[in-house]
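[1] sequence and predicted structure, then a few things I'm wondering about:
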Amino acid sequence: MNRRIPTVPPQPPFPDCSRIETPVTRSCWLGGARARFRVHNSGKMSGDEVSQVNLGPPSDPPVGAQLTVKALVGFERITLAPGESKTVILDLPARRFQYWSVADNRGERAPARRTVYVGASPRDIRLPQQVSIGLAGQ
């Protein structure tokens, strides 16, 4: 028996959330920061997006501190209908900006400029933003 299999054009399984807007802003929330950005589904299907916030190392890292290139500090999964936009707000506790000091046996915070990366993954960054953490006048 010879069956004819219909061809269906491939559909993207996830929305195209390429419009992440509004820069990351620092707040005085317990010495941490607040990331606020907008995600838009420009696709034709509903889908989920897991937006991640990653933190880069301090611009002037402390001597002897071992820091990652990008550290995951927050994420949120949202569902978007076609054409829908949502604002995502993630509060990043002060602890996320610390590194472990072996000499002092505690978490330390290095005052410096750091890059906050917002995207779908550490390799899919759609919004890099420089923030100043703990610098004089901040």
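    Arrived safely. Small disclaimer: the values here were computed from a predicted structure and weren't measured.

[2] ranges for the strands of the chain?
    In the chain, strands defined by DSSP state E lie at 33-40, 47-55, 71-80, 85-92, 98-101, 106-109, 112-121, 124-133, listed in chain order.

[3] now the angle from the first one to strand 85-92?
    The directions of strand 33-40 and strand 85-92 differ by 160 degrees, with axes from the mean of the first three to the mean of the last three CA atoms, to 10 degrees as the criterion.

[4] of all residues in the protein, which one is nearest the centre?
    Val53 (1.6 Å; CA atoms, centre = their mean).

[5] next up, the contacts around it.
    24, 35, 72-75, 90, 92, 116-118 (CB atoms under 8 Å, 6 or more residues apart in numbering). For glycine as for every other residue, the C-beta is placed from the backbone atoms N, C-alpha and C.

[6] now with 6 Å?
    Residues in contact with Val53 (CB atoms under 6 Å, 6 or more residues apart in numbering) are 35, 73-74, 90, 118.

[7] contacts only, for Arg106.
    Contacts of Arg106 by CB under 6 Å, 6+ apart: none found.

[8] still on that earlier bit, and the contacts of Val53, which two are the farthest apart?
    Val73 and Val118 (10.6 Å; CB to CB).
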